[in-house]
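> 3D model of this:
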Amino acid sequence: MNPIREQTEYFLTKGFFCLLRICPARLIYGICRTFAAAFFLLAIRRRKITLCNLKLAFPNLSMKERVRIARRAFDHFGQFIAESTMILAGKLDRDTLMNMVDGGDMQKLLDLEQSTETGILFITGHLGNFELLAHYTGMQFKRQGLVVARRGNNQLIDDKIVTPMRESFGNSVIYKDRALPRIARGLRKGNHIGLLIDIKSKARRGTPIQFFNHKTYAINSSAYLQIKLNPLVVPMTMVRVAPRKYKLVAGNPVQWTDNGKPIEEQIAELTQIHQIELEKLIRAYPEQWLWMHDRWDLPELERARRKKRRAKRTHTS
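Presented below is the predicted three-dimensional model:
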């Protein structure tokens, strides 16, 4: 990136966060929730993807019920954005975060930490507030937590704002570029890792699975790590239970024993088990999952895309 542009973006971002620090939290929430409501109305493609996904996942629900879940999902992510920006601005400190969370399940996780020498591999998704989840658990665990993150386009913003914020709650950052070997080393050393496993994968790279009883592809990193290193693998999320109030939800460790099949088949089977665990969490809290992303290849959306491309070619010819 051009150095002048990089510094300009950094100072503008820093100024924006300084402004946020003096804004009332209620105002920040109000603005983000208003934008989320407007996005639901104006972003036609994302709204269509959301409703199609909900129809696929919950075929027995009425259209009215699916719209209600969709609206609440958009509203939830408006609040998620508000809280994420306030963390970056330093407006949500450690004490505030502790008071926001019902951490009843944390003792269960601390007991698991004490029972194993390797790190714990936590599997979760874009459900609830996964950013607060990493920060809260990072403050509570006795061992180092590792956060997998995408490197931003502006290194100054990454180095001086984003990374210091992520590490201020006790975690250390691993960037996605060649992350798997670093994750494996971290687990062997006893570090805890959290992976978002609901990201859609390309067919040539991913593992075919059934998700909400429909075929799609999933990343298999969590299954590979469990089979190779045998860490405890725990499904986990942090869900909103009231305005500015969350609850930590931790499942039981996922059990797996070598069944003698080829490694590729075992990875596929365990990947499916991990996705089932995530699906259980989403079914319990459907209004807090990211329904607006392309998790499945939906025929109706693909037909609409092809129709749009044909219309565009006709118009330009």
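> pLDDT of stretch 116-133, averaged?
The average pLDDT within stretch 116-133 is 94.
> can you pull out the helices in the protein?
Assignment of helices within the chain using DSSP state H yields the ranges 3-22, 25-42, 44-57, 63-88, 94-100, 106-115, 130-140, 155-157, 163-167, 179-189, 221-229, 263-284, 299-316.
> Return the member of these having the minimum mean pLDDT.
Lowest mean pLDDT of these: helix 299-316, a mean of 55.
> Minimum distance to Leu195: which of the helices of the chain has it?
helix 221-229 (5.3 Å; C-beta to C-beta). Where you see a C-beta, it was placed from the backbone N, CA and C, and this is true even at glycine.
> neighbours around Ile49, how many?
For Ile49, the tally of surrounding residues (other C-beta atoms under 10 Å) stands at 20.
> my guess is it meets Trp296, correct?
No: look at Ile49 against Trp296 with C-beta atoms under 8 Å: they stay out of range, at 9.5 Å.
> give me phi/psi at Arg150?
Backbone geometry at Arg150, expressed as degrees, to the nearest 10, gives phi -90, psi 130.
> For Asp177, see how far away it is.
9 Å (C-beta to C-beta, to the nearest Å).
> and if you look at Gly206?
19 Å.
> between the two, who's got more neighbours?
Set side by side, Gly206 and Asp177 show more neighbours around Gly206, with 16 against 8, by other C-beta under 10 Å.
> distance of the more buried one from Gln7?
Distance from Gly206 to Gln7, by C-beta to C-beta: 39 Å.
> residues contacting Trp291?
Counting by C-beta atoms under 8 Å, 6 or more residues apart in numbering, Trp291 makes contact with Ile49, Thr50, Asn53, Leu54, Ile69, Ala70, Ala73.
> got it, and Arg46?
Phe39, Met292.
> And for the one 4 residues further on?
Contact partners of Thr50, counting by C-beta under 8 Å, 6+ apart, are Ala70, Ala73, Phe74, Trp291, Met292.
> at 7 Å instead, please
Ala70, Ala73, Trp291, Met292 (C-beta atoms under 7 Å, 6 or more residues apart in numbering).
> was I right about the first one contacting Ile49?
No: because the distance of 9.9 Å does not satisfy C-beta atoms under 7 Å, Ala70 is recorded as not touching Ile49.
> Count the residues that sit near His91.
No, residue 91 isn't His; it's Lys. Per other C-beta under 10 Å, the neighbour tally for Lys91 reads 18.
> Same check on Pro181?
8.
> Could you measure from it over to Arg188?
11 Å.
> for Arg5, same thing?
According to C-beta to C-beta, Arg5 and Arg188 sit 41 Å apart.
> count of neighbours near Leu133?
Using other C-beta under 10 Å: Leu133 sits among 22 other residues.
> again, but for the one 4 residues further on
Around Thr137 sit 26 other residues, with neighbours defined as other C-beta under 10 Å.
> His192 against Gly138, yeah?
No: between His192 and Gly138 there is no contact under C-beta under 7 Å: 8.6 Å.
> out of these two, which sits in the busier spot?
For the pair His192 and Gly138, the greater number of neighbours falls to His192 (27 against 22), based on other C-beta under 10 Å.
> Which pLDDT value goes with the more buried one?
On the pLDDT scale, His192 is placed at 95.
> again, but for Lys200
At Lys200, the model reports a pLDDT of 78.
> beta partners for it?
Going by DSSP bridges, Lys200 is paired in beta bridges with Ala218.
> Count the residues that sit near it.
15.
> go on, Ser168?
Neighbours of Ser168 under the rule other C-beta under 10 Å: 15.
> Could you report the distance from it to Gln79?
From Ser168 to Gln79 the distance is 22 Å (C-beta to C-beta).
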